[in-house]
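S.K.: Turn this into a model:
(chains A and B)
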Amino acid sequence: EPEVTQTPSHQVTQMGQEVILRCVPISNHLYFYWYRQILGQKVEFLVSFYNNEISEKSEIFDDQFSVERPDGSNFTLKIRSTKLEDSAMYFCASSGGYEQYFGPGTRLTVT
Amino acid sequence: QQQVKQSPQSLIVQKGGIPIINCAYENTAFDYFPWYQQFPGKGPALLIAIRPDVSEKKEGRFTISFNKSAKQFSLHIMDSQPGDSATYFCAARTGGGNKLTFGTGTQLKVEL
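M.R.: This next block holds a predicted model:
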């Protein structure tokens, strides 16, 4: 069964550093998303991406965040200058229609 | 208005019992309501979903009941098993960017 994959599973970085989180969506899906989940809290929408552009973004997704689909298979989330409060699980999701399928997540720890 | 309110926060049932998790929303622009199951350290897994033109949907042991006029929907798990112990999130979709707004989650424990 096709699934969304994410790398790395865990990323530790120092405050102010740039990080890139990578995702490989399900191959025939056209819609891509990033969500985050702070430990013990609900899942929060960050951004959706379709046809090589951002469809919608949340207030969390400020100028420090960017997304890119650099080739036909990868979808990336870049945080330019990480803050302590960026520590969370980051989930990539993809969909071909209404149903969104999530990856296993990347745990980002900012020290 | 964008919130989805979920209750209870936690729930303990005996094996074979029928846990019920409830969600309520205000935004009438929501047009699709999925439920996700999440185990510790894993991503949310899509369990079952419903659209507002249907009042009930069953898939295996999982049933969604949907009350459009009350703006409420609930998940019922029939014949619950210890393996169902997980956190369950309801969510609601808005069009445009397909954004999902999640509820706060319910930690379910099914005891033997």
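S.K.: For beta bridges, what are the partners of the closest residue to chain B within chain A?
M.R.: Using C-beta to the nearest C-beta, A:Glu56 is the residue of chain A that sits closest to chain B, at 2.4 Å. Glycine gets a C-beta too; all of them are placed from N, C-alpha and C. Counting by DSSP bridges, A:Glu56 forms beta bridges with A:Ser48.
S.K.: residues in chain A within reach of chain B, list them.
M.R.: For chain A, the contact set with chain B under C-beta under 8 Å from any C-beta of the partner chain comprises A:4, A:31, A:33, A:35, A:41-45, A:48, A:50, A:55-58, A:91, A:95, A:98-105.
S.K.: Next step: those residues restricted to strands.
M.R.: With DSSP state E as the criterion, strands contain A:31, A:33, A:35, A:43-45, A:48, A:50, A:55-57, A:91, A:95, A:100-102 from among those.
S.K.: In ChimeraX, how would I select the buried members of those residues?
M.R.: This is how ChimeraX selects the buried members of those, with burial counted by 16 or more other C-beta atoms under 10 Å in any protein chain shown:
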select /A:31,33,35,43,44,45,48,50,55,56,57,91,95,100,101,102
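S.K.: What is the burial count for whatever residue of chain B ends up closest to chain A?
M.R.: Scanning chain B for the residue nearest chain A gives B:Gly97, at 2.4 Å (criterion: C-beta to the nearest C-beta). Residues within reach of B:Gly97, counting by other C-beta atoms under 10 Å in any protein chain shown, total 19.
S.K.: Helix or strand: which one has it?
M.R.: Counting by DSSP states H and E, no helix or strand carries B:Gly97.
S.K.: For it, which non-adjacent residue is closest in space?
M.R.: Spatial nearest neighbour of B:Gly97, chain neighbours left out: A:Glu56 (2.4 Å); criterion: C-beta to C-beta, 6 or more residues apart in numbering or on different chains.
S.K.: could you list every residue that touches that neighbour?
M.R.: Going by C-beta atoms under 8 Å, 6 or more residues apart in numbering or on different chains, A:Glu56 touches A:Phe45, A:Val47, A:Ser48, B:Gly96, B:Gly97, B:Asn98, B:Lys99.
S.K.: Quick check, pLDDT for it.
M.R.: For A:Glu56, the model assigns a pLDDT of 94.
S.K.: do B:Gln1 as well
M.R.: Here, the pLDDT recorded for B:Gln1 equals 66.
S.K.: Then the one 5 residues further on?
M.R.: Note for B:Gln6: predicted pLDDT of 98.
S.K.: Show the average pLDDT along stretch B:68-82.
M.R.: 97.
S.K.: for the longest strand that chain B contains, packing partners?
M.R.: Using DSSP E, we find that the single longest strand of chain B is strand B:86-93. Helices and strands touching strand B:86-93, by 3 or more C-beta pairs under 8 Å, 6 or more residues apart in numbering or on different chains; DSSP states H and E, are strand B:4-7, strand B:20-25, strand B:33-38, strand B:72-77, strand B:100-102, strand B:106-111.
S.K.: one more time with 10 Å, if that's ok
M.R.: strand A:43-50, strand B:4-7, strand B:20-25, strand B:33-38, strand B:45-50, strand B:72-77, strand B:100-102, strand B:106-111 (3 or more C-beta pairs under 10 Å, 6 or more residues apart in numbering or on different chains; DSSP states H and E).
S.K.: Single out the most deeply packed of those.
M.R.: Of the helices and strands packed on strand B:86-93, the one with the most neighbours on average (mean count of other C-beta atoms under 10 Å in any protein chain shown) is strand B:100-102, at a mean of 24.
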